[in-house]
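S.K.: quick one, fold the following:
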Amino acid sequence: MPLKGVMLVALGIRPATERGTIDVDVLVAPRDARRVLSAARARGWVTSLGNEAACVLEHPALPMPVDFHRALFLRGYFALDTVGVHARATRDQSLFGREILRMHPLDMYAHLVGHLVKGRADRRDARHLSDFLAIGRWMQVSATECADHLVRHGLARAARYTLGLACEEADDEFATRVLAALPRDRRGAAIAAVVTRALPRFELGSAVGIPLIHALNTDLKTAGRSLAAHLTEPTGPDRSRDGWWLP
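M.R.: Numbering: from 1, shown residues only. Okay, the predicted model is just below:
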């Protein structure tokens with residue numbers, strides 16, 4: 001399942017001239033991850049820099065690395081699980097000349113919400129904020145359906161942050177309607193407001209922002225668990241607990 005930029009371009013949601021990519025992201029079922037990596041190594045690919053969710057795949061004859069995911073997010077972070085995402089996907093042979101799983105539009109939108117938060121991005125990240133405007137115009141779903149999907153998968157508070165930025169920076173009408181369709185959550189709105197003001201004070205991606213972005217998880221109890229998992233993650237090139245990506 002290709003993710004993010006490569007799919008936005010392949011589907012015509014954003015032109016390649018505006019949405020440059022530095023890598024290709026793909027998602028596979030967790031049960032298949034080791035087998036797929038083994039097959040990739042047999043064809044000259046090399047794995048590096050792995051954590052619980054993903055690793056980097058590089059090939060000496062190819063200029064662009066692959067971010068190889070078995071999960072969209074680290075343990076306990078949101079509820080957009082790989083099994084559910086694959087179950088809602090459709091099979092497609094037209095985009096890349098071979099069969100792929102094409103992510104459901106609602107999952108594409110939800111993943112963009114979570115990914116911007118995960119990366120500790122803020123209003124300075126115009127490239128990713130522009131994705132919301134483009135996909136909102138492309139999706140043939142209602143704002144209420146989108147809001148319900150975000151709530152169901154633990155991304156409502158994350159959406160209050162990311163879509164709030166999209167509304168301010170890109171005058172995103174669809175994002176505005178999604179925000180209006182989210183259920184009332186005073187605490188979530190307050191957290192999103194704090195993160196909106198605080199993150200731009202640091203360098204993009206600064207580790208100082210880690211507690212802030214975990215506060216945007218489903219609720220404070222879940223946020224505490226995901227933050228604890230993040231802080232106790234192994235250090236070094238292998239930050240996974242099971243070495244799933246290693247030869």
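
S.K.: count the residues that sit near Arg152.
M.R.: A count of nearby residues for Arg152, using other C-beta atoms under 10 Å, gives 14. All C-beta spots, glycine's among them, are computed from the backbone N, C-alpha and C.

S.K.: how much space separates it from Leu212?
M.R.: Distance of Arg152 to Leu212, given as C-beta to C-beta, to the nearest Å: 24 Å.

S.K.: please apply the same query to Arg14.
M.R.: According to C-beta to C-beta, Arg14 and Leu212 sit 28 Å apart.

S.K.: ok, now Pro15?
M.R.: 33 Å.

S.K.: which of those two has more neighbours?
M.R.: Ranked by neighbour count (other C-beta under 10 Å), Pro15 and Leu212 place Leu212 first, with 20 against 10.

S.K.: center of this structure - which residue?
M.R.: By C-alpha atoms, centre = their mean, the mean C-alpha position of the chain lies nearest to His115, the distance being 2.9 Å.

S.K.: who's in contact with the nearest residue to Gly12 once chain neighbours are set aside?
M.R.: Spatially, and ignoring its direct neighbours in sequence, Gly12 is nearest to Trp138 (8.0 Å; C-beta to C-beta, 6 or more residues apart in numbering). When the contact criterion is C-beta atoms under 8 Å, 6 or more residues apart in numbering, the partners of Trp138 are Leu11, Gly12, Ile13, Pro105.

S.K.: give me the distance from stretch 234-247 to the chain's centre.
M.R.: 20 Å (C-alpha atoms, centre = their mean, to the nearest Å).
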